[in-house]
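> this one's structure only:
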């Protein structure tokens, strides 16, 4: 069963996070050391894996799959945005809470999970979700965190992952292939994405005290909305919308969209909160708590999807 495979893979990544956290607790490394690995992950590992995922033949199946993943990504992100605004009004969520509920950590987790559970050939379908999310990061999230209506379109199109998607699309449409040594190098980097992401999360967790986490009383509410309520609402839509009929691989492609939705709160929330001095510590606590709890909630969501 896929949910069991996912649970095993997430638990393996969780163990890596615990090891990394232990190094910080033992003062062998500092939490701030994670910044270098974060830069490598963002500007080297992810772009290489995204580009490699587009090294496939542009068959009708791929065309239909990309179209389906794009449609699903746009509709799901719009649904998450609407629900986030709804919960903000009903539960009086502040900017950090609202963005943490709406935006998942798809960038850091979806690619390694897709590679581990489904295989590298499926990564191409996660790129559309990342592209739509990147646009919203630098428009809606930025304006919400900065408390201003300014939209940073330059940041959208100069983002490393977005550039990688553009390069990948060029390679896909033209049929160009990278030399084998280059492709092998890109593939090798893809193998370390999952562990790297968990090492970073563990280092951040190791610097967080239990007293600090307990001081924020609404973290359980935000975590429940991010990890249970939002994914379940997306699950109902994906399962009963009939979208899977658009592609022979529709069920699996929509599962990738669901996985992207079920991940913890986006690390970009922490970055934006820090950039605009809008409760960055609170954003960090939410990120760490949801990253820990997702080891239980993600397999649960997938299990329900497969019923």
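Good, I have the coordinates. Please read all numbers here as calculations on a predicted model, not as lab measurements.
> show me what whichever strand or helix holds residue 287 is packed against.
Residue 287 belongs to helix 280-306 when assigned by DSSP states H and E. Helix 280-306 makes packing contacts with helix 2-25, helix 95-102, helix 193-206, helix 210-214, helix 219-224, helix 230-240, helix 250-262, helix 267-275 when contacts are defined by 3 or more CB pairs under 8 Å, 6 or more residues apart in numbering; DSSP states H and E. (C-beta placed from N, C-alpha, C; glycine too.)
> need the residues that contact the longest one.
Residues outside helix 2-25 that contact it (CB atoms under 8 Å, 6 or more residues apart in numbering): 29-31, 112-113, 116-117, 194-195, 197-203, 205-207, 255, 291-292, 294-295, 298-300, 302-303, 306.
> check the shortest one too.
Residues from elsewhere that reach helix 210-214 (CB under 8 Å, 6+ apart): 219, 281, 285, 288-289.
> try it again at 7 Å.
Residues outside helix 210-214 that contact it (CB atoms under 7 Å, 6 or more residues apart in numbering): 219, 285, 289.
> pretty sure residue 76 sits against residue 259.
No. Shown here, residue 76 and residue 259 do not form a contact pair, counting by CB atoms under 7 Å, at 11.5 Å.
> which helix in the chain runs the most residues?
Looking across the chain with DSSP state H, the single longest helix is helix 60-91.
> chain center to that one: distance?
Relative to its parent chain, helix 60-91 has a centroid offset of 14 Å by CA atoms, centre = their mean, to the nearest Å.
> now swap in stretch 116-132 and tell me
Distance, centroid of stretch 116-132 to centroid of chain: 11 Å (CA atoms, centre = their mean).
> over to stretch 14-30?
For stretch 14-30, the distance to the chain centre is 22 Å (CA atoms, centre = their mean).
> if we go by neighbour counts, what in that stretch is buried?
Using 16 or more other CB atoms under 10 Å as the test for burial, stretch 14-30 gives 14, 16-17, 20-21, 23-24.
> repeat that for stretch 56-66.
Buried residues in stretch 56-66 (16+ other CB under 10 Å): 62, 64-66.
> between these, which sits nearest residue 163?
Ranked by distance to residue 163 (CB to CB), the buried residues of stretch 56-66 are led by residue 66 at 18.2 Å.
> OK, contacts around that closest one?
residue 128.
> where does it land on pLDDT?
As summarised for this prediction, residue 66 has a pLDDT of 89.
> quickly find the element holding residue 178.
Element membership of residue 178, judged by DSSP H and E, is empty: it is in no helix or strand.
> need phi/psi at it.
The phi/psi pair for residue 178 (degrees, to the nearest 10) reads phi -70, psi 150.
> what separation is there between it and residue 160?
18 Å (CB to CB, to the nearest Å).
> do residue 168 as well
Taking CB to CB, one finds residue 168 at 12 Å from residue 160.
> the more surrounded of those two?
Per other CB atoms under 10 Å, whichever of residue 168 and residue 160 has more neighbours is residue 168, with 22 against 15.
> run the chain-centre distance for the helix holding residue 287.
Centre-to-centre, helix 280-306 and its host chain are 11 Å apart (CA atoms, centre = their mean).
> also stretch 296-307?
That offset, for stretch 296-307, works out to 17 Å (CA atoms, centre = their mean).
> mean confidence for it?
On average, stretch 296-307 scores 90.
> could you do stretch 81-88 as well?
On average, stretch 81-88 scores 95.
> stretch 188-195 too?
pLDDT averaged over stretch 188-195 gives 79.
> which helix or strand in the protein has the lowest average pLDDT?
Within the chain, judged by mean pLDDT, DSSP states H and E, the helix or strand with the poorest mean is helix 153-157; its value is a mean of 74.
> which residues of the stretch 1-150 of the chain score low on pLDDT?
For the stretch 1-150 of the chain, residues meeting the criterion pLDDT under 70 lie at 1, 149-150.
> repeat that for 90
Applying pLDDT under 90 to the stretch 1-150 of the chain flags residues 1-18, 20-21, 24-25, 27, 29-64, 66, 105-124, 126-150.
> one step back: which one of the buried residues of stretch 14-30 is nearest to residue 38?
Nearest to residue 38 among these is residue 20, at 12.7 Å by CB to CB.
> not counting sequence-adjacent ones, nearest residue to that closest one?
Computed as CB to CB, 6 or more residues apart in numbering, the closest residue to residue 20 that is not its neighbour in sequence is residue 202, at 2.8 Å.
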